[in-house]
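pasting the structure only:
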Ligand SMILES: [Zn+2]
């Protein structure tokens, strides 16, 4: 093992990968560290090494907590009226669909489509980019979603191509979800064009839980940043330029589901993109309670999900656990932290409880579907750990006699 991972080394000398800040700081209000990348330009660049770290105030409070304070001043009745007006603009009374709700069948998808249908009189078409492989509970919840009374289209990309891309994304970017996320992001726009439904309602604007107000506003103004400026837009799939994928047996036509629609087509069709979290107070816990009332949605039958203390989020895909575990290796932030920062801000747990939960669960390995994941992307366990260990930034990780440890555990 190289010396850079030894404990007790002069920390200023240690490499900080991915452009992460050298000094690890935890937010004084929640438990988010400053090691979270604000942007992930992995779709248009070859490497993941050019990430702009999220900004963290001099006061030791993260931007997302500041945004959370700002959220408390929002007049939600007014926002609801705005949503009503928006729905009035797009509502169709001739039986056609009038809004697209993309989702996986998790609690957030049910929350959004149910609310639009039952509180705003809309006729949603729900669309789903299929998971890599459904878990049993994921399939049941998908059906529970449909039974709330919505039509649903599942788009399943060619599983051979998708597995190859996922493999490349794991090996090159240590982000096995990159192809999935790209496909899922553009799916709604594709269906909006196909079915002539110019209104898309997403659930949460992810930027809200990690970024500053500026970033959030720009993401609201430009939610079609995944649409292509021109047809031959250079995209990197699994960290490989499209033209270079031929060596892996992947041709341009195989990539069709992953290419964003053209911006001019989206503009011509007058498609609008919105986030439900802009219009209603958004809280994962609250959504869970809402959904338990209106559907047969079930939480994780095992009590809590691996790597965290919660039982109701990211349940549908067998490789969900790997999404969080690779984040942990790269940025020292795992699944429990991802849950705790929201629950602290929403007042469900205290910061102290959050710290304990993160230290208890964040590094727990997702072993349930591990063998499935290895088989799915066609690597050995040894190869897997080589990729994970190479992804660890020396300024975050040290190797002790008891194995890998974070140099700066959450406190
Ligand atoms: Zn914070």
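Nice, thanks for sending it over. Remember, predicted model here, so these are calculated numbers, not experimental data.

Could you double-check that residue 137 sits in contact with residue 315?
Yes. Judged on Cβ atoms under 8 Å, residue 137 makes contact with residue 315 at a distance of 5.2 Å. Yep, even glycine has a C-beta here, placed from its N, CA and C like the rest.

between these two, which one's more packed in?
A count of neighbours by other Cβ atoms under 10 Å puts residue 315 above the other of residue 137 and residue 315, at 26 against 16.

follow-up on the earlier one: between residue 137 and residue 315, which contacts overlap?
With contacts taken as Cβ atoms under 8 Å, 6 or more residues apart in numbering, residue 137 and residue 315 have residue 300 as neighbours in common.

What distance do you get for whichever residue of the stretch 301-411 of the chain sits closest to the ion to residue 62?
With Cβ to the ion as the measure, residue 341 is the residue of the stretch 301-411 of the chain nearest to the ion, at 6.3 Å. The gap separating residue 341 from residue 62 is 8 Å, by Cβ to Cβ, to the nearest Å.

residues in the chain within reach of the ion, list them.
Proximity of the chain to the ion is assessed by Cβ under 5 Å from the ion, with 27, 29-30, 32, 62, 65 identified as the residues in range.

Among these, name the ones in helices.
Cross-referencing the residues of the chain next to the ion with the helices (criterion: DSSP state H) gives residue 65 as the overlap.

Just give me the neighbour total for residue 107.
Counted by other Cβ under 10 Å, the residues lying close to residue 107 total 27.

no no, residue 409
14.

Equivalent analysis for residue 263, please.
Applying other Cβ under 10 Å, we find 17 other residues in the vicinity of residue 263.

Check residue 146 too.
Other residues within reach of residue 146 by the criterion other Cβ under 10 Å amount to 17.

Return the item of the residues of the chain next to the ion having minimum pLDDT.
pLDDT is lowest at residue 62 among these; the value there is 87.

For residue 123, see how far away the most far-flung residue of the chain relative to its centre is.
Of all residues in the chain, the one whose C-alpha sits farthest from the chain's mean C-alpha position, using Cα atoms, centre = their mean, is residue 94 at 35.3 Å. Separation of residue 94 from residue 123 (Cβ to Cβ) stands at 10 Å.

And the helices in the stretch 251-400 of the chain, which stretches?
Listed in chain order, the helices of the stretch 251-400 of the chain (DSSP state H, counting those that start in this stretch) span 263-268, 276-279, 284-294, 320-331, 335-345, 351-361, 370-377, 381-391.

Let me know which of those is tucked in deepest.
Ranked by mean neighbour count, the helices of the stretch 251-400 of the chain are led by helix 335-345 with a mean of 26 (mean count of other Cβ atoms under 10 Å).

Which helix or strand in the protein has the lowest average pLDDT?
Of all the helices and strands that make up the chain, the one with the lowest confidence by mean pLDDT, DSSP states H and E is helix 213-221; it has a mean of 50.

before we move on, back to that, contacting residues around the residue of the stretch 301-411 of the chain closest to the ion?
Applying Cβ under 8 Å, 6+ apart, we find residue 341 in contact with 27, 30-32, 64, 209, 354.

can you pick the most crowded of those?
Of the contacts of residue 341, residue 32 is surrounded by the most neighbours, 30 neighbours in total, counting by other Cβ under 10 Å.

thought that one was touching residue 333?
Yes. Distance between residue 32 and residue 333: 7.4 Å, which falls inside the contact criterion (Cβ under 8 Å).

Identify the residues contacting residue 351.
Neighbouring residues of residue 351 by Cβ under 8 Å, 6+ apart: 29-31, 344.

Taking those residues, tell me the two that lie furthest apart.
Longest distance between any two of the contacts of residue 351 is 8.8 Å, between 29 and 31; criterion Cβ to Cβ.

list the residues that contact both of those two?
With contacts defined as Cβ under 8 Å, 6+ apart, the residues shared by residue 29 and residue 31 are 344, 351.

so how far is stretch 179-193 off the chain centroid?
Here stretch 179-193 shows a centroid-to-chain-centroid distance of 14 Å under the convention Cα atoms, centre = their mean, to the nearest Å.

Check stretch 372-381 too.
Offset of stretch 372-381 from its chain centre (Cα atoms, centre = their mean): 22 Å.

average pLDDT for it?
Confidence for stretch 372-381, expressed as mean pLDDT, is 97.

ok, and what's touching it?
Counting contacts by Cβ under 8 Å, 6+ apart, the residues outside stretch 372-381 that touch it are 132-133, 163, 166-167, 170-171, 176, 318-319, 322, 370, 384, 387.

Apply 7 Å and report the result again.
The contact list for stretch 372-381, computed with Cβ atoms under 7 Å, 6 or more residues apart in numbering, reads 132-133, 163, 166-167, 170, 176, 318-319, 322, 384.

for stretch 316-325, same thing?
Counting by Cβ under 7 Å, 6+ apart, residues outside stretch 316-325 touching it are 104-106, 131-135, 138, 141-142, 176-177, 306-307, 314, 334-335, 338, 365-366, 368-369, 372-373, 376.

hmm, 6 Å instead?
By Cβ atoms under 6 Å, 6 or more residues apart in numbering, the residues outside stretch 316-325 that reach it are 104-106, 131-133, 135, 138, 176-177, 306-307, 314, 334-335, 366, 369, 372-373.

Name only those of the residues you listed that count as buried.
104-106, 131-133, 135, 138, 176-177, 306-307, 314, 334-335, 366, 369, 373 (16 or more other Cβ atoms under 10 Å).

Please report how far the residue nearest to residue 65 when sequence neighbours are not counted lies from residue 240.
With Cβ to Cβ, 6 or more residues apart in numbering as the measure, residue 29 is the residue that lies nearest to residue 65, at 4.3 Å, once sequence neighbours are left out. Spatial separation of residue 29 from residue 240 under the definition Cβ to Cβ is 40 Å.
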